[in-house]
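**Q** Fold the following.
(2 chains)
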Amino acid sequence: MKRAFLAVALATRIITNPNPASELKQLFPSAVSFSALAGDPLHYVAYAVDPKANPSAPPLGIAFWTTDMVPEEHGYHGPIHILVGLDLKGTITGAIVDYHSEPYGYFSVEPPKFGAQFKGKTIRDPFIVGRDVEAVSRASISIASATRAIRDGARIAASRLLPPEATK
Amino acid sequence: MPVGESWRDILAPQALDLALLALFIAFALTSFFLKHEKLKYAALAVAVGYMGFYKSSLISVSDIFRLTDMSLPPFKYSLTWYLFAGFVVVSTILWGRLYCGRICAFGALTQLMDAVVPARLRVNIPAKIERRAAWIKYGLLAFVIGYYLVTHDLASPVQYAEPFWMFTLFGTRAMWIGLAVLLTATLFVRNLYCRFFCPVGAMLGIISNLTVFKIKRWSECKTCKICEKTCEWGAIRGPLIVKSECVRCDDCERLYLDQKKCPHWLIQLKVRPSATKSAPAVPSAPA
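**A** Residues are numbered from 1 along each chain as shown, chains lettered A, B, ... in the order given. As a prediction, this is how the structure comes out:
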């Protein structure tokens, strides 16, 4: 049953960037390899040591698309596709906005500056627009939606995929 | 509901925007119901300042596209947008293109321009051309919807088919040059964009055919041309008010109420000197 759900989820998800190799490298510069997008919920695993050479070495962290973690989150005009890296302690290693259809996204969520500010935040941070997240005024719906997607996506990913110490 | 989020967390960040929007709508409607010219200009100034430059909250073609693919923002996080969009649709059904004439920041801007630009600059377009040009906006509406359905490119229509981005102050050089040309032309032709080009205005023009509370006309309106000449929007044609062009600016309705200008009163006063006292408060002949 679970497999069937996974198959449906994989078949129906909107893929905007099927092979984000360079983006993953940006999130985990020291990784030597990444797993394929797999698991429930779907995610990538970043490895510091080739898992074929040493399967017992702990991974660096995971990366996920916000659209897989919080598919119901919509911005001004549909979901904003953000690739988020998370280390094993629940700290965000980076967030890269890959695709959006926000009318004013070109100056709100699209500039790399927006995603960059999430680097170093932990799943315990408040993520409040205007306080610890920069509010680009005049595009509040897009900014708020992208921020919720990163916050809730990271929290769900941490609780379901990271070792239990991360969410303690 | 996402991890650890209470209703308070959801409502608190929206409360101020919601309250200010409700206040602005109430103010604009007050100026409309009172037919008060100074209050109307105050509402227009607030529309430009608050709705425009401060919030950049305007109905855009992207809102129409959103309906075509039913991609609406989440309700609980977007209460202000739902109040705004809901008001625009409901007010258009009730009174016509009130949004265009009083709430839209760009429409408010060009109306304020019209109030300060010397009248001698104005070019009066022949009625024939004006009536044809009014159709351009419907063509543009059909074109941008078709373009969006085919390409799903949201950015280009928002950047090039409407000037509302100007309030965000983010634009490329080409966009600013286009805007400068448009605003310069608006010095000579009143409310140029709203009357001839605005796809949102076209959409609301279509909805305005449902208008419930129409502007009343006197029987004298069949022959009198005072209102027709005054109308900044080219919305009066003889005895008829063209609903899809009228933005409920009150200019003609203020004339109806003016007993020194409107022939309806002047004729009545001649026939019956006591008419001022016994005249009906509300004009009775429907459009």
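**Q** Just to check, A:Pro59 is in contact with A:Tyr47?
**A** Yes: assessed by CB atoms under 8 Å, A:Pro59 is found in contact with A:Tyr47 at 5.2 Å. Yep, even glycine has a C-beta here, placed from its N, CA and C like the rest.
**Q** any idea how far B:Val200 lies from B:Arg120?
**A** 31 Å (CB to CB, to the nearest Å).
**Q** where does the stretch 1-150 of chain B come near chain A, residue by residue?
**A** Residues of the stretch 1-150 of chain B lying near chain A by CB under 8 Å from any CB of the partner chain: B:2-3, B:13, B:17, B:54-56, B:60, B:62, B:65-66, B:69, B:71-74, B:77-78, B:81.
**Q** my guess is B:Ala47 meets B:Ile103, correct?
**A** Yes: B:Ala47 lies in contact with B:Ile103 (CB under 8 Å); the separation is 5.9 Å.
**Q** shared neighbours, the two?
**A** B:Phe24, B:Ala28 (CB atoms under 8 Å, 6 or more residues apart in numbering or on different chains).
**Q** returning to that earlier point: which of B:Val200 and B:Arg120 has more neighbours?
**A** B:Val200 (27 against 5; other CB atoms under 10 Å in any protein chain shown).
**Q** Return the residues in contact with A:Gln26.
**A** Contacts of A:Gln26 (CB under 8 Å, 6+ apart): A:Gly94, A:Ile96.
**Q** Could you pull up the mean pLDDT of stretch A:25-36?
**A** Mean pLDDT, computed over stretch A:25-36, is 96.
**Q** Can you show me the CA trace of it as PDB?
**A** Taking Å, rounded to 0.1, in the frame of the first residue of the first chain, the C-alpha atoms of stretch A:25-36 are listed here in PDB:
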ATOM      1  CA  LYS A  25      26.500  20.700  -4.500                       C
ATOM      2  CA  GLN A  26      25.800  24.300  -3.500                       C
ATOM      3  CA  LEU A  27      23.900  23.100  -0.400                       C
ATOM      4  CA  PHE A  28      26.600  20.500   0.500                       C
ATOM      5  CA  PRO A  29      29.900  21.700  -1.000                       C
ATOM      6  CA  SER A  30      31.900  19.000   0.800                       C
ATOM      7  CA  ALA A  31      29.700  16.100  -0.300                       C
ATOM      8  CA  VAL A  32      31.300  13.600  -2.700                       C
ATOM      9  CA  SER A  33      28.000  12.000  -3.800                       C
ATOM     10  CA  PHE A  34      24.300  12.200  -3.500                       C
ATOM     11  CA  SER A  35      21.600   9.500  -3.500                       C
ATOM     12  CA  ALA A  36      18.800   9.600  -6.000                       C
END
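**Q** Now which of the residues of the stretch 1-150 of chain B next to chain A would you call buried?
**A** B:2, B:13, B:17, B:55-56, B:60, B:62, B:65-66, B:71-73, B:77-78, B:81 (16 or more other CB atoms under 10 Å in any protein chain shown).
**Q** State the pLDDT value of residue 58.
**A** Going with chain A. 91.
**Q** Chain B is the one I meant
**A** 95.
**Q** Chain neighbours aside, what residue packs nearest to it?
**A** Distances taken as CB to CB, 6 or more residues apart in numbering or on different chains place B:Phe164 nearest to B:Leu58, at 4.5 Å, with adjacent residues excluded.
**Q** quick one: that neighbour and B:Ser60 touch, right?
**A** Yes: using CB under 8 Å, B:Phe164 is in contact with B:Ser60, at 5.5 Å.
**Q** Need the overlap of contacts for the two.
**A** B:Val158.
**Q** mind listing what B:Val200 touches?
**A** B:Val200 touches B:Ile59, B:Ser60, B:Val61, B:Asp63, B:Ile64, B:Cys104, B:Glu162, counting by CB under 8 Å, 6+ apart.
**Q** Work out for me the element it sits within.
**A** Using DSSP states H and E, B:Val200 falls within helix B:199-207.
**Q** For that helix, give the mean pLDDT please.
**A** Rounded mean pLDDT across helix B:199-207 is 98.
**Q** The spatially most central residue of chain A in helix, strand or coil?
**A** In chain A, the C-alpha nearest the mean C-alpha coordinate belongs to A:Val84, at 2.4 Å (CA atoms, centre = their mean). Following DSSP: H, G, I helix; E, B strand; the rest coil, the label given to A:Val84 is strand.
**Q** Now do the same contact list for it.
**A** Counted by CB under 8 Å, 6+ apart, A:Val84 has contacts A:27, A:63-66, A:92, A:94-96, A:118, A:150, A:153-154, A:157.
**Q** What about those residues, which are in helices?
**A** A:Leu27, A:Thr66, A:Ile150, A:Gly153, A:Ala154, A:Ala157 (DSSP state H).
**Q** Quick check: the fifth one touching A:Ile123?
**A** Yes: between A:Ala154 and A:Ile123 there is a contact under CB under 8 Å: 5.1 Å.
**Q** Please compare those two by neighbour count and tell me which comes out ahead.
**A** Between A:Ala154 and A:Ile123, counted using other CB under 10 Å, the more crowded position is A:Ala154 (29 against 23).
**Q** ok, now which ones touch residue 125?
**A** Went with chain A since none was named. A:Asp132, A:Arg151.
**Q** that's the wrong chain, I meant chain B
**A** Applying CB under 8 Å, 6+ apart, the residues near B:Ile125 are B:Ala133, B:Val189, B:Gly234.
**Q** now that we have those residues, which one has the most neighbours?
**A** B:Gly234 (21 neighbours).
**Q** nearest spatial neighbour of that residue, skipping sequence neighbours?
**A** Nearest to B:Gly234 is B:Glu130, by CB to CB, 6+ apart, at 4.7 Å.
**Q** what do you get for A:Tyr76?
**A** A:Ile141 (4.3 Å).
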